[in-house]
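K.L.:
Whatever this is, show me its structure:
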Amino acid sequence: MIARTNGAQRVRIEQQADAESRAADEHHLALRVWLRFLACTNIVQGRTRAALRQEFDSTLPRFDLMAQLERFPSGLKMSDISKRMMVTGGNVTGITDQLVSEGLVSRRSAPLDRRAYTVRLTPAGRRAFREMARAHERWIVSMFGGLTKSETGQLHALLAKLKQHLMSRPNGAAS
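P.N.:
Residues are numbered from 1 along each chain as shown. Purely as a prediction, here's the structure:
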């Protein structure tokens, strides 16, 4: 059964069920920040998935694959798409098969390696992606609308600092 909710009910449900609810005041601040960050990420991602489904009858993985191809007009090998999206080759193959059947991407044997395939957006795929990308940007801007421009800049800078710190550590080092 699918429950219908209004905006206020949805916010209450998201607050009750998110990752942040696992934290208590006695937990370290870093843990509480991590769980809040995870909760926000999950909310933004969930709303983005729902909007893609509702407005474009599409999925986030399809959007992500098309975004990768938009950056490389000459196309990408399937294995490169898989690495960039951090998913298995089978996932990329399934999504690509769907997009090929819809005329949004083309798949051809790679010129230097006949065992590999190069995928690129078709003109129809490029138009469809641009429309989705404009809507996607609008959704994200709206979701961050509770922050001022200055606060958004501060958050961006702080996350860059955190990312730099994490990237400077040896792979797998947790402490």
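K.L.:
So which other helices or strands are in contact with the helix or strand where residue 165 lies?
P.N.:
Residue 165 belongs to helix 149-168 when assigned by DSSP states H and E. If you count contacts as 3 or more Cβ pairs under 8 Å, 6 or more residues apart in numbering; DSSP states H and E, helix 149-168 packs onto no helix or strand. Backbone N, C-alpha and C define where each C-beta goes, glycine included.
K.L.:
Give the buried residues for that helix.
P.N.:
Buried positions in helix 149-168, judged by neighbour count with 16 or more other Cβ atoms under 10 Å: none.
K.L.:
How about residues contacting it?
P.N.:
Helix 149-168 is contacted from outside by 144, 147, using Cβ atoms under 8 Å, 6 or more residues apart in numbering.
K.L.:
Pull the distance from it to the chain's centre.
P.N.:
18 Å (Cα atoms, centre = their mean, to the nearest Å).
K.L.:
show me where this structure has helices.
P.N.:
7-17, 29-56, 60-71, 78-85, 89-101, 123-143, 149-168 (DSSP state H).
K.L.:
Tell me what angle the shortest one forms with helix 60-71.
P.N.:
To tie it back to what came earlier, the one meant is helix 78-85. Going by axes from the mean of the first three to the mean of the last three Cα atoms, to 10 degrees, helix 78-85 is angled at 110 degrees with respect to helix 60-71.
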